[in-house]
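A.B. asks: Sharing a model prediction with you, sequence too.
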Amino acid sequence: CSMCNNTVHGCYGHWGSASLIKEIRQRIQPRVHCFGHVHDDPGHKYDQDDTGTLFINAATDLSNRPFKFNFYVDLNKH
């Protein structure tokens, strides 16, 4: 998918809730969506559906190294 850059996730199918991502993209459209647990795809990506949402997978990578970065959100911007 556009968020995880993978087309197949082995025998598990796609990870995550289809109804949740639909709500996030179509109705809520937050500036930042922070989640975690998928350890083989940590980091951050902007939504490619032009909502401008920053998706952050806050999981550590498979070698348990922390992934650190700064991000800023302008709360006054509409």
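C.D. replies: Looks like it arrived, so ask away.
A.B. asks: Show the average pLDDT along stretch 31-42.
C.D. replies: Mean pLDDT, computed over stretch 31-42, is 73.
A.B. asks: Sketch out the low-pLDDT regions of the protein for me.
C.D. replies: Residues of the chain that meet the criterion pLDDT under 70 lie in 1-15, 38-49, 60-62, 64-68, 77-78.
A.B. asks: and with 80 instead?
C.D. replies: The chain contains residues with pLDDT under 80 at 1-16, 35-52, 56-78.
A.B. asks: show me where it has helices.
C.D. replies: Using DSSP state H, the helices of the chain run over residues 18-22.
A.B. asks: Arg31: neighbour count?
C.D. replies: 13 (other Cβ atoms under 10 Å). Just so you know, the C-beta spots here come from the backbone N, C-alpha and C atoms, and that holds for glycine as well.
A.B. asks: What's the separation between Asp74 and Ser19?
C.D. replies: Asp74 is 29 Å from Ser19, where distance means Cβ to Cβ, to the nearest Å.
A.B. asks: scratch that, Leu54
C.D. replies: On the measure of Cβ to Cβ, Leu54 and Ser19 end up 21 Å apart.
A.B. asks: same check, this time on Phe35
C.D. replies: Counting by Cβ to Cβ, the gap from Phe35 to Ser19 is 15 Å.
A.B. asks: what does Ala59 give?
C.D. replies: Ala59 sits 22 Å away from Ser19, going by Cβ to Cβ.
A.B. asks: how about the strands in this structure?
C.D. replies: Per DSSP state E, the chain carries strands over the ranges 32-35, 43-46, 54-57.
A.B. asks: Mind listing the strands the last one pairs with, and their directions?
C.D. replies: It stands for strand 54-57. Under the criterion DSSP bridges, strand 54-57 sits next to strand 32-35 (parallel), strand 43-46 (antiparallel) in its sheet.
A.B. asks: Okay, buried residues for the first one please.
C.D. replies: By that I understand strand 32-35. His33 (16 or more other Cβ atoms under 10 Å).
A.B. asks: contacts for that strand?
C.D. replies: Contacts to strand 32-35, defined as Cβ atoms under 8 Å, 6 or more residues apart in numbering, come from residues Ile24, Thr53, Leu54, Phe55, Ile56, Asn57, Ala58, Phe71, Val73.
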